[in-house]
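*Asks:* coordinates only, no sequence provided:
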């Protein structure tokens, strides 16, 4: 693996207990970056921290709580004394019929992924300014291409992309690089549950259902969490030093709009 020169630097990674977040944590740990792992499940975070060969702090917090981001940054500074990178990955939105989705569903969708990310950016900004650090926001291709059953997630992802651009504008003056990633259909635990449901409904094997779902989305296969993690590491590194305000689609070609 190419070196990104992360040794001694400190990153906060949210939604780190599984899927893309865990893959990002593993990738950064392999590059000797020190980590603050944030998610709601302390058990899953602790299990991940035990496997990583780097210094980790585990923080089981619900980022939907307005004060949680301040707590995360305070704990990071108390333990490591600095913040060099922030990866906002936490968040999932309920799918379903637009007319059936409730006010609570909409509020929950924005509370974690958008407001959690916004508050963490705000809470860590001065530290990132001091370290000339970087932020990577994980949004999703639903923010570019709308679908009826993903109305909440698409709206949230679009908001995260706009926030990324807005903070990049501010970051140009403050010395904080801000970029975003739009993952496509990635083979996380959440997706595997959807594949299982489709397989049972259509009486297919899990593998056949996965291939069928990928092809119906216009891609050859599902992506792997590690493929998103490599792009996140690159965007946090000095190798992407002139990338600022960029939104990178990591989707196997699924997004065909400009």
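*Replies:* Yes, it's here. Everything numeric in this text was worked out from a predicted model, so none of it was measured.

*Asks:* distance of the residue nearest the centre of the chain from residue 140?
*Replies:* In the chain, the residue lying closest to the centroid (CA atoms, centre = their mean) is residue 89, at 2.2 Å. Going from residue 89 to residue 140 by CB to CB, to the nearest Å gives 11 Å. Quick note: C-beta positions are derived from backbone N, CA and C, even for glycine.

*Asks:* cool, and residue 255?
*Replies:* As judged by CB to CB, residue 255 and residue 140 stand 10 Å apart.

*Asks:* counting contacts, what elements does the helix or strand hosting residue 130 pack onto?
*Replies:* Using DSSP states H and E, residue 130 sits within helix 116-131. Using 3 or more CB pairs under 8 Å, 6 or more residues apart in numbering; DSSP states H and E, the elements in contact with helix 116-131 are strand 10-14, helix 68-80, strand 85-88, strand 134-138, helix 151-174.

*Asks:* of all those, which one is nearest residue 237?
*Replies:* Closest approach to residue 237 among the helices and strands packed on helix 116-131 (CB to CB): strand 134-138, 8.2 Å.

*Asks:* what packs against that closest one?
*Replies:* strand 85-88, helix 116-131, helix 151-174, strand 177-183, helix 225-236.

*Asks:* next one: that strand to chain centre, how far?
*Replies:* 8 Å (CA atoms, centre = their mean, to the nearest Å).

*Asks:* who does that strand pair up with?
*Replies:* strand 85-88 (parallel), strand 177-183 (parallel) (DSSP bridges).

*Asks:* helix or strand next in line after the first one, which one?
*Replies:* Scanning forward in sequence from strand 85-88, with DSSP H and E defining helices and strands, the next element found is helix 103-110.

*Asks:* what angle separates that following helix from helix 116-131?
*Replies:* Calculated by axes from the mean of the first three to the mean of the last three CA atoms, to 10 degrees, helix 103-110 forms an angle of 20 degrees with helix 116-131.

*Asks:* got a list of contacts for helix 103-110?
*Replies:* With contacts defined as CB atoms under 8 Å, 6 or more residues apart in numbering, helix 103-110 is touched by 64, 91, 93, 94, 96, 152, 153, 155, 156, 159.

*Asks:* follow-up on the earlier one: wait, the residue nearest to the centre of the chain touches residue 15, no?
*Replies:* Yes. In this structure, residue 89 is within contact of residue 15 by CB atoms under 8 Å, at 4.0 Å.

*Asks:* report pLDDT for residue 1.
*Replies:* For residue 1, the pLDDT comes out at 60.

*Asks:* residue 189 too?
*Replies:* 86.

*Asks:* tell me the contacts of it?
*Replies:* Per CB under 8 Å, 6+ apart, neighbours of residue 189: 18, 19.

*Asks:* is the closest residue in space to residue 219 that isn't next to it in sequence part of a helix or strand, or is it coil?
*Replies:* Leaving out its chain neighbours, the residue that sits closest to residue 219 by CB to CB, 6 or more residues apart in numbering is residue 252, at 3.9 Å. The local conformation at residue 252, judged by DSSP: H, G, I helix; E, B strand; the rest coil, is coil.
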